[in-house]
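J.: Generate a structure from the sequence data that follows.
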Amino acid sequence: GLFSARPMSESYQHVVKGGLKLKGGVPGPGGVKKKKKKDKHEDKEKDDDALTTAGEGGSNPPKRQDNRTAVEKRYDEQAAKTQARLIQSMASKSHKDKVKDFNEYLSKLSEHHDIPKVGPG
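T.: Below you'll find the model as predicted:
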């Protein structure tokens, strides 16, 4: 049966020893490298780029093409301006000034925002 009285070494004689073999040969130090599918259209563009840079001398790298829409460009410009303005305003005030301004703001709030007194006393 299943639990027969045979020595332990006999039970493991059919086990395959050694490392796990994966498809694709031995990977480099970075792990398993997957091949990317190449698009025929991209190959033609790369060949054209290689020909034009080789003919011009190719000393400077080719400029990256901006694939953003006009709205995305405007948004990025506006976000940069807003961030610069925020950094400027934060850098211009000291902690003492910030606390003073915050206290003024709190004093102008209506009593509706005050913490209600609960309980006797």
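J.: Output the helix or strand harbouring Leu106 in CSV, but only the C-alpha positions, please.
T.: Element membership for Leu106 (DSSP states H and E) is helix 95-108. Extracted C-alpha coordinates of helix 95-108, given in CSV (Å, rounded to 0.1, in the frame of the first residue of the first chain):
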residue,chain,number,x,y,z
HIS,A,95,6.9,81.0,11.3
LYS,A,96,6.0,84.0,13.5
ASP,A,97,4.2,85.7,10.6
LYS,A,98,2.3,82.5,9.8
VAL,A,99,1.1,82.0,13.3
LYS,A,100,0.0,85.7,13.5
ASP,A,101,-1.9,85.4,10.2
PHE,A,102,-3.5,82.1,11.4
ASN,A,103,-4.6,83.7,14.7
GLU,A,104,-6.1,86.6,12.8
TYR,A,105,-8.0,84.2,10.6
LEU,A,106,-9.4,82.4,13.6
SER,A,107,-10.4,85.6,15.3
LYS,A,108,-12.5,86.6,12.3
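J.: quick one: contacts of that helix?
T.: Lys93 (CB atoms under 8 Å, 6 or more residues apart in numbering). Bear in mind the C-beta positions are built from the backbone N, C-alpha and C, glycine included.
J.: let's see 10 Å
T.: 90, 93-94, 113-114 (CB atoms under 10 Å, 6 or more residues apart in numbering).
J.: most surrounded residue in these?
T.: Ranked by neighbour count (other CB atoms under 10 Å), the contacts of helix 95-108 have Lys93 at the top, with 12 neighbours.
J.: Leaving out the residues flanking it, which one is nearest to it?
T.: Nearest residue to Lys93 in three dimensions, chain neighbours excluded: Asp101, at 7.6 Å (CB to CB, 6 or more residues apart in numbering).
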